[in-house]
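> Okay, sequence plus prediction incoming.
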Amino acid sequence: MTQWTLDPETRTTEPASLPKMRGENVNVFYGTKQALFDVNLAVPEHQVTALIGPSGCGKSTFLRCLNRMNDTIDIARVEGEITLDGRSIYDPKIDVVELRAQVGMAFQKPNPFPKSIFENVAYGPTIHGRASAKADLEQIVVDSLRKAGLYEEVKERLHEPGTGLSGGQQQRLCIARAIAVAPEVILMDEPCSALDPIATAKIEELIDELRENFTIVIVTHSMQQAARVSQRTAFFHLGVLVEEGPTSEIFTSPNDKRTQDYVTGRFG
Amino acid sequence: MMTAHIVASFDDELAKIDLLITDMGDLAQTMLADATRALVEADLPLAQRVISDDVVMDARQREIDERCVALIAKRQPMAQDLRAVIGSIRIASDLERIGDLSKNIAKRVGAVGAGPMQRRFSHSLSGMTGMVGDQLEGVVRSHVTKDVDALVTLRADDKRIDIQYTAVFRELLTYMMEDPRNITACTHLLFCAKNLERIGDHATNIAENAFYMTTGRQLPADRPKTDETTHTGS
């Protein structure tokens, strides 16, 4: 067992395309409890990066750092550097509202506003001043619903409540809402965990299509989902980024024993 | 030492597949040894046993296929488990082919005949038989013990079998040129030699798959080939 054992040196660890976002030496604390330890991770442009790991491993915490969602938690403290196109997103000069338009988010449970389908999607572009005329706004809403793969299903009832849609449709509505403000990155925190297999398949299909225009980071508990939708996978455990690499390698021949044990279902 | 799965029955299912592969490996070795002994000793009952063993071999392969397909459907294996399942399907297929080729040797025992000349011809295959048997035994054992260095060496050793095959080919051609009455027996023996050479190739495939299962890496494709029979004129 000499030269034939797994050699981390021979691995392709650098993403193929340029990093859209990058975390360097990211440490996160909730009060005195440290949740992330020196995480270094590049998110390549126009690719889907999946964050996997057992509950409490820090993957959602890292995701929430990428658009400063942790700012909303009083006891949370983020150290290190996170950049979007090379510019620090924790720079005091950054407008957080603008940042969250650039780095949009879809959550585990679909959370449409208690408004019509149209208003759900129109809300973001209106407050961000993306549409000056009514016709522009309508175009943005239709385009966003189309990109989210929902338009054909709802075009006859755009003014009915968004909450009247099925779970899968609501989730696509929330994705349309994120798309409407023309983000560059979309963060998804277990976007399919509350959906049935058909709705899940539609979201997965959508993620693959969205990759052409957006950079996507997804947190998922389903290893098969990560294997299906992502190009890069990062495995977190106990707040540490254990291993990151091309998805095909992480799921067929991971380097680290912890990754092997987790992806094969040996984690106790 | 491999950590156990959270779901214990997953481990049981993988262990059962391993066990079946080991069984098939043992049976393939027995069939090969019996077929070549039946040939050299003109032992028809032994040849018949090899032919009936092939039915068991086929059944084992089908069982492995079914178990692997069911395991993929139920467990969606990942990483080394995925490699183990895919590798087992491939290795079972190679072992099943080794069974077929051994059976084919056994079926020729009657046609080669039992005269003193025929026995002399058959003996020309003895050296090759030993090599192929050792090769097969080596890859099956190294697969079980996950000895990747041995697998790499065994894979490279296949060229010795190819060289021996070329020598047997030339020897049998000589017998045929000496006396046309030798042609029937020697032609059958040529097929037997080709079967042995093919068994060597299947053993090489097993070594490559076993290596992949253990390491997650593919061996380079450029293994040297030394079968020169296509250049051997009469």
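That came in fine, so what should we check first?
> isn't A:Ala194 right up against A:Gly167?
Yes. Checked against C-beta atoms under 8 Å, the pair A:Ala194 and A:Gly167 is within contact range at 5.9 Å. Any C-beta I mention is one placed from the backbone N, CA and C, and that applies to glycine too.
> list residues touching both of these two?
A:Pro110 (C-beta atoms under 8 Å, 6 or more residues apart in numbering or on different chains).
> what about A:Ala106, how many neighbours?
26 (other C-beta atoms under 10 Å in any protein chain shown).
> Please state the backbone phi and psi of A:Asp74?
Here is the backbone geometry of A:Asp74 (degrees, to the nearest 10): phi -60, psi -40.
> ok, now A:Pro246?
The phi/psi pair for A:Pro246 (degrees, to the nearest 10) is phi -60, psi 140.
> Please enumerate the helices of chain B.
All helices of chain B, identified by DSSP state H, fall at B:8-41, B:44-75, B:79-107, B:109-112, B:116-123, B:126-145, B:148-178, B:183-215.
> how distant is the helix-or-strand element of chain B with minimal mean pLDDT from the center of its chain?
For chain B, using mean pLDDT, DSSP states H and E, the weakest element among its helices and strands is helix B:116-123, scoring a mean of 80. Using C-alpha atoms, centre = their mean, to the nearest Å, the mean C-alpha position of helix B:116-123 is found 24 Å from that of the whole chain.
> which parts of that helix are buried?
Neighbour-count burial for helix B:116-123, counted by 16 or more other C-beta atoms under 10 Å in any protein chain shown, picks out B:118-119, B:121-122.
> ok, now stretch A:111-124?
Here stretch A:111-124 shows A:112, A:116-124 as buried, counting by 16+ other C-beta under 10 Å.
> The nearest residue to A:Val103 once chain neighbours are set aside in helix, strand or coil?
Sequence neighbours aside, A:Asn67 is the residue nearest to A:Val103 in space, at 3.8 Å (criterion: C-beta to C-beta, 6 or more residues apart in numbering or on different chains). The three-state label given to A:Asn67 by DSSP: H, G, I helix; E, B strand; the rest coil is coil.
> Now for A:Asn67, how many residues are close by?
A:Asn67 has 25 nearby residues by other C-beta under 10 Å.
> now do A:Gly162
By the criterion of other C-beta under 10 Å, A:Gly162 has 25 neighbours.
> Could you check how far it is from A:Ile198?
20 Å (C-beta to C-beta, to the nearest Å).
> Can you name the residues of chain B that neighbour chain A?
Residues of chain B lying close to chain A (C-beta under 8 Å from any C-beta of the partner chain) are B:2-7, B:10, B:75-83, B:148-149, B:152, B:211, B:215-217.
> and stretch B:4-22, how far out from the chain's middle?
On C-alpha atoms, centre = their mean, the centre of stretch B:4-22 falls 25 Å from the chain's centre.
> List the buried residues in that stretch.
B:5, B:10-11, B:13-14, B:17, B:20-21.
> cool, and stretch A:247-263?
Buried-residue list, stretch A:247-263, by 16+ other C-beta under 10 Å: A:247, A:249-255, A:258-263.
> Stretch B:177-190 now?
Quick answer for stretch B:177-190 (16+ other C-beta under 10 Å): B:182, B:185-186, B:188-190.
> and A:Leu41, that's in a strand?
Yes. Assigned with three-state DSSP, A:Leu41 falls within a strand.
> Run a quick neighbour tally on it.
22.
> go on, B:Gly127?
12.
> Closest to B:Ala28 out of the buried residues of stretch A:111-124?
Comparing the buried residues of stretch A:111-124 against B:Ala28 with C-beta to C-beta places A:Pro112 closest, at 62.1 Å.
> give the contact list for A:Val26.
A:36, A:38-41, A:62, A:65, A:78-82.
> avg pLDDT for the helix or strand in which it is found?
Using DSSP states H and E, A:Val26 sits in strand A:19-30. The average pLDDT within strand A:19-30 is 96.
> Please state the offset of it from the chain centre?
Worked out by C-alpha atoms, centre = their mean, strand A:19-30 lies 14 Å from the chain centre.
> could I have that strand exported to PDB, CA atoms only?
Provided in PDB are the C-alpha atoms of strand A:19-30 (Å, rounded to 0.1, in the frame of the first residue of the first chain):
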ATOM      1  CA  PRO A  19     -14.700  32.200  -7.900                       C
ATOM      2  CA  LYS A  20     -17.800  34.400  -7.700                       C
ATOM      3  CA  MET A  21     -17.700  34.400  -3.900                       C
ATOM      4  CA  ARG A  22     -14.900  33.400  -1.600                       C
ATOM      5  CA  GLY A  23     -14.700  32.800   2.100                       C
ATOM      6  CA  GLU A  24     -11.300  33.100   3.800                       C
ATOM      7  CA  ASN A  25     -10.500  32.000   7.300                       C
ATOM      8  CA  VAL A  26     -14.200  32.400   8.200                       C
ATOM      9  CA  ASN A  27     -14.900  31.900  11.900                       C
ATOM     10  CA  VAL A  28     -18.400  32.300  13.300                       C
ATOM     11  CA  PHE A  29     -19.500  32.500  16.900                       C
ATOM     12  CA  TYR A  30     -22.900  32.400  18.400                       C
END
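> Strand partners (parallel or antiparallel) of that strand?
strand A:33-44 (antiparallel), strand A:76-84 (antiparallel) (DSSP bridges).
> Quick check: closest non-adjacent residue to B:Leu136.
Nearest to B:Leu136 is B:Ala203, by C-beta to C-beta, 6+ apart, at 4.8 Å.
> pLDDT score for the one you found?
97.
> count of residues packed around the single nearest residue of chain B relative to chain A?
The nearest approach of chain B to chain A comes at B:Gly216, 2.5 Å away (C-beta to the nearest C-beta). The local packing of B:Gly216 (other C-beta under 10 Å) involves 18 other residues.
> Thanks a lot, see you next time.
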